[in-house]
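Student: coords please:
(2 chains)
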Amino acid sequence: MTAASTPWRFVTPIWPVLLVLVIGASLLSGPFLSPANIAAVLQQGVITGIVALGMTIVLIGGQFDLSTGATVMMAAVMALLLNPADGTSTALAILLPVALGGMIGLVNGLAVYRAGANSIVATIGMQFLVIGAVLALVSGQHVRADNMSEIFVSLSRARLLGIPYSVYIFLGLVIALSVMMSSTVFGRHVYALGGDIEAARRAGVKVVRTGIATYVISGMLAALAGVLIASLVGNLDPTAIRGYEFPALTAAVLGGTSLTGGVGRPADTAAAIWVIAVITNVMTILNYQYPVQLLVQGVVLTAAVAFYSWQRARS
Amino acid sequence: MQVTLSPLTLRLFVKPPLIPLLLLATFVDGFWSLGNLRTLAESISTDGLIVAGMTIVMIAGGFDLSVGAVMAMGGVTAVVLLPFGIVPAALGALIAGGISGFLSGTLVTRLRINPFIATLAMMVMVRGATLAYTDTRPVVGLDDTFLALGQGDPLPYAFLIMIVVMLAAHVLLYHRPWGRHAYAVGADERAAQMTGLKVNRLKIECYMLSGALAAFAGLLLAARLGTGSPIVGEMTPLTAAAAALIGGASLRGGEGSIMGALCGLLFVGCLINVMNLLGVPSYYQRMTIGGLLFALVVVEGLLQRARPR
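Tutor: Model prediction:
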């Protein structure tokens, strides 16, 4: 009996983990369950979560995208440089970074699927290329936008039922991408790509085009995450906006996305994002600083990879 | 017209274009000055240890993204242990690096985790541990012997150490059975396993070597800078990978040589040095190294594709 034939196929191990963590966190620290903190936890996951959704799709296709952290930074800086004060500039500050993120994805996709480059090293190279370019553009200085338009600010600040808009944007993306991956031809082709690229090619899947599309999606999502950061802070030190690719990768893997492709679901990644957000939140409440959080993330990633590879070896 | 180049000519003029770069550098004021050559020797010597380790790991079919973090850890460990004497400090750094390499190797072999991901996770854990231990501040408390290790006249000691390590690595790879086995494992792991090689053990040894070398490079860097900084080495895995790839190592394993890696190291080192002399801001250097690495793997991918199966 395979997992897919049971009604439990929608419940992967990450969901019970999330449930246990939420219960544990509320017992461990009183302030955890306050509405303000819950909204904070939900929002904390959004930026990394959007990046992680793109990462999940690239991973399902059997490749990696470690350039996304740099794309987040590029988009955040660019959105602020475009100074979204009125309607037109607001639209530009959202659309241009996303388009450029798509372009970065396109170049990654061409390198990986067209030229056959190793995706990890190529996208790390791209990461430094983009970070260097952005820092050179702003000479490493802070960027700020004054008089940001209300619409732009509301992207991450305005709330509906006490929950920030950005959380709804994330949820919308989770649903849209879940449908795309499970119920469209494109989605099935991506799974086919990651399962066995040669078999997919022979079955008539347009391998290069589909693969490039996964990178373009990842780049655009990362850029959107950057735009949300810009709308949240309005003033940022570009050197501080970095490293998003690692928690995103951790979340995707924790959610059960296979590092060898063909397995994974956007919704599971979202669950994993909140697992990480809860852990980070509790650690912040208990006053553990960034280095310890970094250490814990590394341990979580290693444990998750080890767990899933053990599980697959067993079945 | 078919032009045939001898391997040495190819190595020095085309892959990488080292001699053309050196000739171009002649036009840069001060490149050939003694002071600058010394700076160049210092900067490539710490990276050189790491490139040697990276090349060995890549020959055996792996990769090590943790080298930069391990370098920082090695420097911090050495400075912290310095009160007990310089020998315990050096041993401590080597052991710390070796342990981290052992963990990477175990993740790769026993748990069958993709080497890039295993060493990426190690990178984050080692970096996090080092930052947590030092509270993100550099550690100081150096003695004169240790600082003298960062000097050396006329050639920096670190440079001499790098040359010795490179020679030893060359002998290990080309003239010892262990080296032949490393190539065999990298070229075809299954075949190597079937002929009775202890594949897992050999791979773990490669990662331990790489970790120990990276940590020792951290010690030399700390001696030169006069402090053990927890944040050094962010670019190191990229520079080292670029040098190894330029030197003919392959991400698929089974290829590469120390002589090639040395040329790759000189090429990358001179490139950065020339940019420094020209006053190019560090952001552009970051861009250049990133772009170089990107281009290298694209070219490698295209070459692999063109190769008949």
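
Student: what helix or strand is residue 23 on?
Tutor: Chain wasn't specified; assuming chain A. Following DSSP states H and E, one finds residue A:23 within helix A:14-28.

Student: should've been chain B
Tutor: With DSSP H and E as the test, residue B:23 turns up in helix B:18-25.

Student: Next, the residues that contact the helix holding residue A:23 from outside, please.
Tutor: Outside of helix A:14-28, the residues within contact range by CB atoms under 8 Å, 6 or more residues apart in numbering or on different chains are A:32-33, A:254-256, A:268, A:271-272, A:274-275, A:278-279, A:281-282. Where C-beta positions appear, they are placed from N, C-alpha and C, glycine not excepted.

Student: pLDDT of that helix, averaged?
Tutor: Average pLDDT, helix A:14-28: 81.

Student: One more: stretch B:182-195?
Tutor: Mean pLDDT, stretch B:182-195: 91.

Student: repeat for stretch B:212-220
Tutor: Across stretch B:212-220, the per-residue pLDDT values average to 95.

Student: Please name the nearest non-neighbouring residue to residue B:210.
Tutor: Spatial nearest neighbour of residue B:210, chain neighbours left out: residue B:53 (3.3 Å); criterion: CB to CB, 6 or more residues apart in numbering or on different chains.

Student: And for the closest residue to residue B:143 other than its chain neighbours, the neighbour number?
Tutor: In space, residue B:143 comes closest to residue B:82 once its chain neighbours are excluded; the distance is 6.2 Å by CB to CB, 6+ apart. By the measure other CB atoms under 10 Å in any protein chain shown, the count of residues near residue B:82 is 24.

Student: Surely residue B:82 and residue B:142 touch.
Tutor: Yes: if you go by CB atoms under 8 Å, residue B:82 and residue B:142 touch, sitting 6.5 Å apart.

Student: follow-up on the earlier one: which elements pack onto the helix holding residue B:23?
Tutor: Applying 3 or more CB pairs under 8 Å, 6 or more residues apart in numbering or on different chains; DSSP states H and E, we find helix B:18-25 packed against helix B:258-277.

Student: do the helix it packs on and chain A meet?
Tutor: No: applying CB under 8 Å from any CB of the partner chain, one finds helix B:258-277 separated from chain A by no less than 11.6 Å.

Student: Touching, residue B:56 and residue B:182? I think so.
Tutor: Yes: contact criterion CB under 8 Å: residue B:56 and residue B:182 qualify, at 6.6 Å.

Student: shared neighbours, these two?
Tutor: Common contact partners of residue B:56 and residue B:182 (CB under 8 Å, 6+ apart): B:173, B:206.

Student: packing partners for whichever strand or helix holds residue B:164?
Tutor: Using DSSP H and E, residue B:164 falls within helix B:157-175. Helices and strands touching helix B:157-175, by 3+ CB pairs under 8 Å, 6+ apart, are helix B:34-59, helix B:177-187, helix B:199-225, helix B:258-277.

Student: Buried residues of the first one, list them for me.
Tutor: For helix B:34-59, the neighbour count (16 or more other CB atoms under 10 Å in any protein chain shown) marks B:36, B:38, B:40-59 as buried.

Student: Then the second one?
Tutor: Neighbour-count burial for helix B:177-187, counted by 16+ other CB under 10 Å, picks out B:179, B:181, B:182, B:183, B:184, B:185, B:186, B:187.
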